[in-house]
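>>> return a 3D structure for these sequence lines:
(one chain, ligands or ions: 1)
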Amino acid sequence: MGEIIRGKPVADRITEEVKLSVEKLKNAGLFPKLAILRVGNDPSDLAYERGALTRMEKCGIEAEVFELSDDVSEDSLISHLEYISDRQDINGILIFRPLPGHLDENRIKHFISPEKDVDCFSPANVAKILEGDKTGFSPATPSAVMEILKFYHIDLQGKHCVVLGRSMVVGKPLSMLLLGQHATVTICHSKTKDLKNICRMADVLIAAVGRAKMVDESFVKEGAIVIDVGINSDDEGNLIGDVDFESCIDKASMITPVPGGVGSVTTSVLAQHVLKACEVSSFFPGH
Ligand code: NAP
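Residues are numbered from 1 along each chain as shown. Below is the predicted model of the structure:
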């Protein structure tokens, strides 16, 4: 039976580290602060926001929520984003995506300050991930996956990592981060042929497809590490991963649960990013 690798110890360690660093910053007169920009009242955004606010509080980071109605105009949203980007007391900005369909993310993303873009919305930060430039911010979820792999001492060098999913929020950036750790990476998506056989070649299989329990034991090589990024819900509102945990646990050597896996690490990574943004702003005042 595989080892269940949980997110909580990872999140706890990051939180403790961030908290200590925040205390040092405060002693030096710097007060890290996150702004959350939310359009509408999507239940999953609200749930994540609650988690993020609790985590920031635990870390000693201040947070302010900017709530806009779901029929906000693109120009009004951009004005808000510019206003928040210009605020000297705010170091990090999280904007919930996807935005409602009438808002053009491809235009809006240019108006967030890259130095405050703690969840990698700005093209400047996306480019840095591609370049392997660690001065930027990668999105919280792929970073959370990397933190879990690091915490459980999973050496990626030379390993074959198969990433199921190619979104800009998870699959693509995660693939670049894995590559940065010298893994050999295969990216799969809805048009991939022979999907199961490719997945069965993985030393590390990471599922981010948004399809409940799609990955069963027939996708998993004996002894593989299985990371489940998926968050789906059933009719009763229970959270379900993209991996059929019960089916895979005997074959995998390590496996993350849902809930209690990747999702529990993301807000601590967000706090880590706000801290980094605050530290950088102290080197370059005015950003
Ligand atoms: P997304 O934007 O919908 O992307 C899903 C990806 O999976 C796409 O690349 C899609 O391929 C691929 N895909 C869909 N069906 C497939 C199939 N049958 N076979 C192979 N590939 C398939 O979703 P996302 O935003 O990346 O999120 C993925 C999952 O992670 C969701 O469950 C989401 O709720 C979860 N998530 C979790 C966290 C967290 O903190 N744990 C954060 C964000 C997201 P195409 O590109 O070809 O369409």
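>>> and residue 269, what element?
helix 266-283 (DSSP states H and E).
>>> ok, now residue 259?
According to DSSP H and E, residue 259 maps onto no helix or strand at all.
>>> quick one, grab the pLDDT at it.
Model confidence at residue 259, given as pLDDT, is 96.
>>> neighbours around it, how many?
The tally of other residues near residue 259 (other Cβ atoms under 10 Å) stands at 14. The way it works is simple: take the backbone N, C-alpha and C, and place the C-beta from them, glycine included.
>>> once you drop chain neighbours, what's closest to it?
Distance criterion Cβ to Cβ, 6 or more residues apart in numbering; nearest residue to residue 259, sequence neighbours excluded, is residue 239 at 4.6 Å.
>>> quick one: that neighbour and residue 233 touch, right?
Yes. Counting by Cβ atoms under 8 Å, residue 239 touches residue 233, with 5.9 Å between them.
>>> between these two, which has more neighbouring residues?
Between residue 239 and residue 233, counting by other Cβ under 10 Å, residue 239 is the more crowded of the two (16 against 12).
>>> any idea how far residue 38 is from that one?
Between residue 239 and residue 38 the distance, using Cβ to Cβ, to the nearest Å, works out to 21 Å.
>>> the helix holding residue 269: which residues count as buried?
Burial within helix 266-283, assessed by neighbour count using 16 or more other Cβ atoms under 10 Å, is assigned to 266-278, 281.
>>> which residues sit against that helix?
In this structure, residues lying in contact with helix 266-283 by Cβ atoms under 8 Å, 6 or more residues apart in numbering are 10-11, 14-15, 17-18, 21-22, 25, 28, 30-34, 48, 51-52, 54-56, 59, 61, 91-92, 94, 115-116, 118-119, 135, 137, 140-141, 143-144, 147, 287.
>>> mind running it again at 6 Å?
Taking contacts as Cβ atoms under 6 Å, 6 or more residues apart in numbering, the residues outside helix 266-283 that touch it are 11, 14-15, 18, 21, 30, 32, 34, 51-52, 55-56, 59, 61, 91-92, 116, 118, 137, 140-141, 143-144, 287.
>>> buried ones among the residues you listed?
Buried by 16+ other Cβ under 10 Å: 11, 14-15, 18, 21, 30, 32, 34, 51-52, 55-56, 59, 61, 91-92, 116, 118, 137, 140-141, 143-144, out of the contacts of helix 266-283.
>>> among these, which ones are in strands?
Per DSSP state E, strands hold the following members of those: 34, 92.
>>> if we can go back for a sec, so how far is the helix holding residue 269 off the chain centroid?
A distance of 14 Å separates the C-alpha centroid of helix 266-283 from that of its chain, computed with Cα atoms, centre = their mean, to the nearest Å.
>>> in the stretch 151-287 of the chain, which spans are strands?
For the stretch 151-287 of the chain, the strands defined by DSSP state E, counting those that start in this stretch cover 160-164, 184-188, 204-207, 225-228, 232-233, 239-240, 254-255.
>>> could these go into TSV alongside mean pLDDT?
Output for those, formatted as TSV (pLDDT from 0 to 100):
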stretch	mean pLDDT
strand 160-164	98
strand 184-188	98
strand 204-207	98
strand 225-228	98
strand 232-233	92
strand 239-240	94
strand 254-255	98
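>>> got the ones you listed as a markdown table, with distance to residue 71 columns?
Formatted as a markdown table, these follow (distance: least, Cβ to Cβ, whole Å):
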| stretch | distance to residue 71 |
| --- | --- |
| strand 160-164 | 35 |
| strand 184-188 | 36 |
| strand 204-207 | 35 |
| strand 225-228 | 35 |
| strand 232-233 | 26 |
| strand 239-240 | 30 |
| strand 254-255 | 42 |
